[in-house]
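Engineer: Based on what follows, work out the 3D shape:
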Amino acid sequence: MTLLSYFWQMWELAINGELQGIWFWAAVYMLLVCGYSLVYQVRTRAWPFTKGQLLGLDVSKFGATERDSSAQDYVAEALYRYTIDGVEYTGTRISPWIFVASHNARSLLQKQLSAIQRYPDGRVKVFYHPVNPQKAFLILPGWLGIAVTSVLGILPLLTYYLKYHY
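Structural biologist: Model prediction:
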């Protein structure tokens with residue numbers, strides 16, 4: 001059986017609602033999405049950096065304001081200014097990972113913000129895209145996040161293989 005005919009067979013199974021076909025295509029999707037994310041994360045780790053001025057940093061409410069505070073979601077927000085080759089930019093991105101936390105887990109956002117590298121003069125380290133400097137982050141992806149992305153990309157395909165072909 002060729003690879004193309006196997007893909008076609010899995011497509012037909014998925015169309016008919018069969019678990020094997022659905023599992024296969026979900027696993028392929030996860031592999032592609034996580035693969036793209038993995039490449040992006042590794043590439044951003046090589047971005048150059050400059051010193052920037054932090055204009056604002058806060059954990060704020062996300063979405064509609066909830067009556068019950070335990071149902072409220074929160075996000076970390078930043079505003080910073082930095083200069084590359086004499087051109088001034090403003091940035092808002094903290095990290096490639098966007099976290100939305102519940103009321104009870106918002107301390108995780110504070111933990112994320114504590115990873116921002118600060119200089120003694122109060123400025124912060126800003127990592128910027130070398131070709132497109134208006135794209136910047138205050139925190140680069142860590143090796144743990146890269147490992148998690150790798151596992152999330154491979155695990156569905158591995159479990160599919162173990163269930164249907166081992």
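
Engineer: separation between the closest residue to Gly91 other than its chain neighbours and Ser107?
Structural biologist: With C-beta to C-beta, 6 or more residues apart in numbering as the criterion, Gly91 has its nearest non-adjacent residue at 4.3 Å, and that residue is Ala136. Where you see a C-beta, it was placed from the backbone N, CA and C, and this is true even at glycine. The gap separating Ala136 from Ser107 is 26 Å, by C-beta to C-beta, to the nearest Å.

Engineer: now swap in Ile139 and tell me
Structural biologist: As defined by C-beta to C-beta, Ile139 lies at a distance of 17 Å from Ser107.

Engineer: Compare neighbour counts for those two and give me the winner.
Structural biologist: Relative neighbour count places Ile139 above the other of Ile139 and Ser107, with 21 against 11, counting by other C-beta atoms under 10 Å.

Engineer: residues touching the spatially closest residue to the more buried one that is not a sequence neighbour, list them.
Structural biologist: Among residues not flanking Ile139 along the chain, Ser95 sits closest, at 4.3 Å (C-beta to C-beta, 6+ apart). The contact partners of Ser95, by C-beta atoms under 8 Å, 6 or more residues apart in numbering, come to 112, 137-141.

Engineer: how near is Ser95 to Phe137?
Structural biologist: From Ser95 to Phe137 the distance is 6 Å (C-beta to C-beta).
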